[in-house]
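Quick one, what's the 3D model for this:
(one chain, ligands or ions: 4)
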Amino acid sequence: MARITLRQLLDHAAEHDYGVPAFNINNMEQALAIMEAANAADAPVIIQASRGARAYANDVMLKHMMDALTEIYPQIPICVHLDHGNEPATCMTAIQSGFTSVMMDGSLKADGKTPGDWDYNVGVTKTVTTMAHLGGISVEGELGVLGSLETGMGDKEDGHGAEGKLSHDQLLTNPDEAVKFVRETKVDALAIAMGTSHGAYKFTRKPDGDILAMNVIEEIHRKLPNTHLVMHGSSSVPQDLQEIINSYGGKMKPTWGVPVAEIQRGIKNGVRKINIDTDNRMAMTGQIRKILSEHPEEFDPRKYLKPAMEAMTRLCKQRFEEFNTAGQAGKIKRVLTTAEMAKRYAKGELDPTVA
Ligand SMILES: O=C(CO)COP(=O)(O)O
Ligand SMILES: O=C[C@H](O)COP(=O)(O)O
Ligand SMILES: [Zn+2]
Ligand SMILES: [Zn+2]
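Ligands and ions are numbered 1, 2, ... in the order given. Next comes the predicted model:
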């Protein structure tokens, strides 16, 4: 099966009431681990690469890896997505490398640190949707700045994210502004801020509505029932993975992630794309630590990478089941080419329906 665009995939997800995890990759092992899970679960999948991943692996490597995955798993629709594009040029070069979807994250300026204001965000996002849609490529935008409602601090943990203290207004997407933003930019999917942040240290306790504002999602969904919503920073940071890492010499501090039940509540309220990276990093690291500490005589990377991939496959398969993505691949009868999607945009068929 060909590569699917984000828009076609999320339209299908909305029609059939499911969510699609978007897993980050940086290398072959992560890519194969995700696809093993997708194949076992018969789930369509979003594989995303950040700017960091592109710098680490090289666009040419990523492009050929994605080609290889579609060849190895012809029955699984794969959406190849750019995570957190920082400026239009980053999005355009991703499209040239075969990505079928890009995120233009104008919630932050091109430095990835300074919050972007309304005009900046609308401007850069519109530039990208105009160009991308001409080629049938999907666009995710973001309104609201990711960060902690407990501390008011921006999302700095994994290297990008707002620096310093943010106001409550910045940390929570305003539902009325979301309507305006979608109308003006014509994004295919909208990432919103409601208390999640990237990395392992999201919450100091099991999150309640004060620090994980799922009510914001519900309100946005009421106002934008036809817009696909995206939850970033949605790793659950499972306690058992923390324990494995720490029992083999790791030093993770006690922490909480986003409970799967909250994501499931989101899926009932228009959340269609759920971004997960940290959980997979933890799944792999736990096994690598375990194997190396139990078998200090080992030096064949396959001996620790194979179990690491298997742990990641288990995690991904579990999320496909929890988000109801499992069993959906077979229901997508025909993947539209980007040229076909371009015609649909040109006819206005994919314009946002904003009440
Ligand atoms: O949002 C993410 C990528 O864009 C990943 O979030 P996590 O760090 O919670 O896995
Ligand atoms: O922010 C999203 C992902 O976790 C990617 O992180 P990265 O920028 O370190 O590749
Ligand atoms: Zn990040
Ligand atoms: Zn993110």
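
Residue numbers of the stretch 251-355 of the chain in contact with ligand 2?
When proximity is defined by Cβ under 6 Å from any ligand atom, the stretch 251-355 of the chain lies next to ligand 2 at Asp277. C-beta coordinates here come from the backbone N, C-alpha and C atoms, glycine included.

Now do the same contact list for the single nearest residue of the stretch 251-355 of the chain relative to ligand 3.
Residue of the stretch 251-355 of the chain nearest ligand 3, by Cβ to the ion: Asp277 (7.2 Å). Asp277 makes contacts with 23-24, 158, 198, 235, as judged by Cβ atoms under 8 Å, 6 or more residues apart in numbering.

Please tell me how far it sits from ligand 1.
Look at Asp277 and ligand 1: by Cβ to the nearest ligand atom, to the nearest Å, they are 4 Å apart.

Could you tell me how far that residue is located from Gln242?
16 Å (Cβ to Cβ, to the nearest Å).

Residue numbers of the stretch 151-300 of the chain in contact with ligand 4?
Contact residues, the stretch 151-300 of the chain versus ligand 4 (Cβ under 5 Å from the ion): 232, 275.

Pro259 and Ser234 touch, don't they?
No - Pro259 is not in contact with Ser234 according to Cβ atoms under 8 Å; the separation is 10.2 Å.

Look at those two and report which has more neighbours.
Ser234 (27 against 15; other Cβ atoms under 10 Å).

So which other helices or strands are in contact with the helix or strand hosting Glu243?
If you go by DSSP states H and E, Glu243 is part of helix 239-247. Applying 3 or more Cβ pairs under 8 Å, 6 or more residues apart in numbering; DSSP states H and E, one finds that helix 239-247 contacts helix 278-294.

ok, then the element right after the helix it packs on?
By DSSP H and E, the next helix or strand past helix 278-294 is helix 301-322.

then that next one to PDB, C-alphas only?
Extracted C-alpha coordinates of helix 301-322, given in PDB (Å, rounded to 0.1, in the frame of the first residue of the first chain):
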ATOM      1  CA  PRO A 301      24.600  -4.900  19.400                       C
ATOM      2  CA  ARG A 302      22.000  -7.300  18.000                       C
ATOM      3  CA  LYS A 303      21.900  -9.000  21.400                       C
ATOM      4  CA  TYR A 304      20.600  -5.900  23.100                       C
ATOM      5  CA  LEU A 305      18.900  -4.200  20.200                       C
ATOM      6  CA  LYS A 306      16.600  -7.100  19.500                       C
ATOM      7  CA  PRO A 307      15.100  -7.200  23.000                       C
ATOM      8  CA  ALA A 308      14.900  -3.400  22.900                       C
ATOM      9  CA  MET A 309      12.900  -3.600  19.600                       C
ATOM     10  CA  GLU A 310      10.600  -6.300  21.100                       C
ATOM     11  CA  ALA A 311       9.900  -4.100  24.100                       C
ATOM     12  CA  MET A 312       9.100  -1.200  21.800                       C
ATOM     13  CA  THR A 313       6.800  -3.400  19.700                       C
ATOM     14  CA  ARG A 314       4.900  -4.500  22.800                       C
ATOM     15  CA  LEU A 315       4.400  -0.900  23.800                       C
ATOM     16  CA  CYS A 316       3.200   0.200  20.300                       C
ATOM     17  CA  LYS A 317       0.900  -2.800  20.000                       C
ATOM     18  CA  GLN A 318      -0.700  -2.000  23.300                       C
ATOM     19  CA  ARG A 319      -1.300   1.600  22.200                       C
ATOM     20  CA  PHE A 320      -2.900   0.500  18.900                       C
ATOM     21  CA  GLU A 321      -5.300  -1.700  20.900                       C
ATOM     22  CA  GLU A 322      -6.000   1.000  23.500                       C
END
